[in-house]
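Colleague: generate a structure from the sequence data that follows.
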Amino acid sequence: MRKIAILLVLVTLSFTVACGGGDTPADTTPTETAPAEQSMVIYQYRFNPNTLTVPAGTTVVFENKDPERHNVTIAALNVDQMIEPNSTWSYTFATTGEFAIENRLATNPMTATINVQ
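Modeller: You can find the predicted model right below:
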């Protein structure tokens, strides 16, 4: 009987500590989260996805998976960047708004939209 009583006390203590039932206050220090990162892949002469919605501060990684170089133009932000095949380029969208993305070098129109909230 004594072994069962000791076992019950140990289980109760373990449960109390595991569930935060002790006298130690919970850590309420705010933690900073890293800025988000999203991808936009250039493949088969298209931006994929064609529309992307992200919060302000998000870094968008443009990845060129086509066999030739492409261009990322964001006219509203005065951005014009070449991306070689199998390479990436990143841009952090700090301001809110709707931004048209295009490849000014493509013979077929390659366009996308990034909505920054």
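Colleague: beta partners for the most centrally placed residue in the chain?
Modeller: Centroid-nearest residue in the chain: E37, 2.7 Å away (criterion: Cα atoms, centre = their mean). Listed beta-bridge partners, E37: T59 (assigned using DSSP bridges).
Colleague: that one reaches T58, doesn't it?
Modeller: Yes. Assessed by Cβ atoms under 8 Å, E37 is found in contact with T58 at 6.8 Å. For the C-beta atoms, the positions are set from N, CA and C on the backbone; glycine is no exception.
Colleague: hey, where'd the strands end up in this protein?
Modeller: 37-43, 46-48, 51-54, 58-64, 70-74, 79-83, 87-93, 97-102, 111-116 (DSSP state E).
Colleague: deepest in the core, which of these is it.
Modeller: strand 70-74 (a mean of 20; mean count of other Cβ atoms under 10 Å).
Colleague: for that one, what is the average pLDDT?
Modeller: In this model, strand 70-74 carries a mean pLDDT of 96.
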